[in-house]
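> generate coordinates for the sequence data below:
(chains A and B)
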Amino acid sequence: AQSVAQPEDQVNVAEGNPLTVKCTYSVSGNPYLFWYVQYPNRGLQFLLKYITGDNLVKGSYGFEAEFNKSQTSFHLKKPSALVSDSALYFCAVRRRGGSQGNLIFGKGTKLSVKP
Amino acid sequence: DTEVTQTPKHLVMGMTNKKSLKCEQHMGHRAMYWYKQKAKKPPELMFVYSYEKLSINESVPSRFSPECPNSSLLNLHLHALQPEDSALYLCASSRGQGVEAGELFFGEGSRLTVL
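Numbers count the residues shown, from 1 in each chain, chains lettered A, B, ... in the order given. Predicted coordinates for the structure are as follows:
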């Protein structure tokens, strides 16, 4: 069965410190990988995606993600966290050649950045 | 600012009411989606429209009825809902298939409460 795991329900970081939000996946083949962010009472916003090529992908708001094929991971990172980064983060994967809508979301990780 | 507009932002309805949620996008996207999201959970796919035709129905109860009048509009008609249907309903769109179907543009959602 295809799945996405975000092992941490919550990540707490001090402002200015680096942050990592973890994601691992179990999907056949070489899937497309995505990160979304959801601020309170808002819809999801696309942050970044991995298709192929360089394992380090840069996205919006200074976020980046590192793809590791051997570990089937796609961790979200940011060198210096901001209080405004506090939100709910979802990792998602989509199997290549899959039908539209076949986007599998992780359960989400709440990021809390304290001043 | 989101380019997918959803109305109303909030809706309270009784179990015997009939109401509709509306979604509009003017990005020329040819795929549109309805998702249901419970608090602190990932979005759950309900329906996908591709080129104005229903392509995916994730076994959603018939009390939810989608409609795509044209390529820019998506409606979700609600009738005889249950209290457990209370949730945030998210509309999304994407450019097309392949990796683009994983890069979704979400509206801010319609928060539905069923009494």
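
> contacts only, for B:Leu90.
Applying C-beta atoms under 8 Å, 6 or more residues apart in numbering or on different chains, we find B:Leu90 in contact with A:43-44, B:6, B:34-37, B:43, B:106-107, B:109. In short, each C-beta sits where N, CA and C put it, glycine included.

> among those residues, which are in helices?
The members of the contacts of B:Leu90 all map outside helices under DSSP state H.

> any idea which element the nearest residue to B:His10 once chain neighbours are set aside lies in?
In this structure, B:His10 finds its nearest non-sequential neighbour in B:Arg111, 5.1 Å apart by C-beta to C-beta, 6 or more residues apart in numbering or on different chains. Assignment of secondary structure by DSSP states H and E places B:Arg111 within strand B:110-114.

> just the buried positions in that strand, please.
B:110-112, B:114 (16 or more other C-beta atoms under 10 Å in any protein chain shown).

> what sits against B:Met46?
Counting by C-beta under 8 Å, 6+ apart, B:Met46 makes contact with B:33-36, B:57-58, B:60, B:64, B:66, B:76.

> same thing with A:Pro79?
By C-beta under 8 Å, 6+ apart, the neighbours of A:Pro79 are A:18, A:62.

> ok, now with 6 Å
Shown in contact with A:Pro79 (C-beta atoms under 6 Å, 6 or more residues apart in numbering or on different chains): A:Pro18.

> just the pLDDT for the residue nearest to B:Glu67 when sequence neighbours are not counted.
Spatially, and ignoring its direct neighbours in sequence, B:Glu67 is nearest to B:Asn75 (4.4 Å; C-beta to C-beta, 6+ apart). B:Asn75 is assigned a pLDDT of 98 by the prediction.

> ok, what's across the strand from B:Asn75?
B:Lys22, B:Glu67 (DSSP bridges).

> these two touch, right, A:His75 and A:Lys22?
Yes. A:His75 lies in contact with A:Lys22 (C-beta atoms under 6 Å); the separation is 5.1 Å.

> lowest confidence element among the helices and strands of chain A?
Ranked by mean pLDDT, DSSP states H and E, the helix or strand of chain A with the weakest confidence is strand A:103-105, at a mean of 89.

> adjacent strands (with direction) for that strand?
strand A:87-94 (antiparallel).

> contact partners of the strand it pairs with?
For strand A:87-94, contacts defined as C-beta under 6 Å, 6+ apart pick out A:4, A:6, A:21, A:23, A:25, A:27, A:31-39, A:102-106, A:108-111, B:42, B:102.

> give me the most central residue, chain B.
B:Trp34 (2.8 Å; C-alpha atoms, centre = their mean).

> up against chain B, what does chain A have?
Residues of chain A lying near chain B by C-beta under 6 Å from any C-beta of the partner chain: A:32, A:34, A:42-44, A:46, A:51, A:90, A:94, A:100-101, A:103, A:105, A:107-108.

> pull the most distant pair out of those.
Pairwise distances across the residues of chain A next to chain B peak at 26.1 Å for A:Arg42 and A:Ile51 (criterion: C-beta to C-beta).

> more neighbours, these two?
The neighbour count for A:Arg42 versus A:Ile51, taken as other C-beta atoms under 10 Å in any protein chain shown, is higher for A:Arg42 (17 against 14).
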